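Asker: Just a sequence and a predicted model for now, questions to come.
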Amino acid sequence: MDKKVLIVEDEASIRGFIKINFKRNNFIVIEAESGEEGIEKAKIENPTIVILDVMLPGIDGFKTCELLRKQFPNIGIIILTARSQDMDKIMGLEFGADDYMIKPFNPLELIARVNAILRRMSSNSKNEDNILISGVFKIDNTAMKIYKDGRELELTPKEYSLVKIFVENQGKALSRAELLDQVWGYSYLGDTKIVDVNIRRLREKIEDDSSNPKYIETVWGVGYRWRREK
């Protein structure tokens with residue numbers, strides 16, 4: 001898998017700082033100063049990962065994230081925010097980001113999180129169990145696509161990984177810590193809200209009624225469970 005990263009950041013000093021660290025770790029780096037430029041660069045360069053600042057001129061990082069996710073469903077996206085409020089984190093995840101980091105941040109941690117996403121994407125693409133079936137759902141691990149009643153679902157890489165892990169563990173209650181470890185792929189330093197936000201967003205895509213889910217069940221005080229087909 002190509003290690004190609006697109007950095008969308010309007011502050012040249014921060015962009016340069018991030019660029020240096022990625023180049024030191026053998027990444028191909030593309031730069032953009034605005035959301036509009038970032039989207040155009042993504043169309044041309046086809047990066048595997050996007051580092052996306054929230055505060056951008058023109059369209060902000062949240063809208064840019066939403067547009068990138070629609071056009072490139074399999075891309076990895078990490079948003080950067082100078083604010084630590086939960087709402088900023090949640091908004092980024094709701095718009096399709098895989099992860100977030102709060103400025104100022106340790107560049108080594110950013111590289112680690114990017115590498116974790118790349119490992120997860122590579123692992124999914126190399127899975128030898130090509131097809132998994134659970135009721136109306138079919139998971140094609142070769143194409144990294146999930147279908148419900150024959151219709152392809154538009155899922156992010158994290159959402160794909162969540163469904164895959166759930167289906168592989170049907171009927172088993174999985175804690176938030178287990179899901180963090182298996183889906184995010186590293187010792188996550190943030191809180192477990194990232195799991196709850198992704199589950200809520202995933203339910204909106206796969207459930208007939210997201211307010212009354214029947215596939216992803218909540219196990220109170222523990223985490224979540226995929227309903228075993230009878």
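Answerer: Great, that's in hand. Numbers count the residues shown, from 1 in each chain.

Asker: CA atoms for contacts and neighbours, from now on please.
Answerer: Fine.

Asker: who's in contact with the residue nearest the centre of the chain?
Answerer: Among the residues of the chain, residue 98 comes closest to the average C-alpha position under CA atoms, centre = their mean, at 2.4 Å. Taking CA atoms under 8 Å, 6 or more residues apart in numbering as the criterion, residue 98 is in contact with 76-78, 156-158.

Asker: Most neighbours out of the residues you listed, which is it?
Answerer: Greatest neighbour count in those, by other CA atoms under 10 Å, goes to residue 77: 27 neighbours.

Asker: List the contacts of residue 58.
Answerer: If a contact means CA under 8 Å, 6+ apart, then residue 58 has 34-36 as its contacts.

Asker: what's around residue 21, how many residues?
Answerer: When counting by other CA under 10 Å, one arrives at 15 neighbours for residue 21.

Asker: ugh, wrong one, residue 212
Answerer: In terms of burial, residue 212 registers 11 neighbours under the definition other CA under 10 Å.

Asker: Show the pLDDT at it.
Answerer: At residue 212, the predicted lDDT confidence score is 91.

Asker: Can you list the low-confidence ranges for the protein?
Answerer: Where the chain drops to pLDDT under 70, the residues are 1, 83-86, 88, 123-129, 185-191, 230.

Asker: can you map out the helices along it?
Answerer: Under the criterion DSSP state H, helices of the chain are mapped to 12-24, 35-45, 61-71, 86-94, 107-125, 157-168, 176-179, 193-206.

Asker: For the third one, list the C-alpha coordinates in PDB.
Answerer: When you say that, I think you mean helix 61-71. Presented in PDB, the C-alpha positions along helix 61-71 are these (Å, rounded to 0.1, in the frame of the first residue of the first chain):
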ATOM      1  CA  GLY A  61     -12.400  21.200   7.700                       C
ATOM      2  CA  PHE A  62     -15.700  19.500   8.700                       C
ATOM      3  CA  LYS A  63     -17.300  20.200   5.300                       C
ATOM      4  CA  THR A  64     -14.000  19.200   3.500                       C
ATOM      5  CA  CYS A  65     -14.000  15.900   5.500                       C
ATOM      6  CA  GLU A  66     -17.600  15.300   4.500                       C
ATOM      7  CA  LEU A  67     -16.900  15.900   0.800                       C
ATOM      8  CA  LEU A  68     -13.700  13.800   0.800                       C
ATOM      9  CA  ARG A  69     -15.500  10.900   2.500                       C
ATOM     10  CA  LYS A  70     -18.200  10.900  -0.100                       C
ATOM     11  CA  GLN A  71     -15.800  11.000  -3.000                       C
END
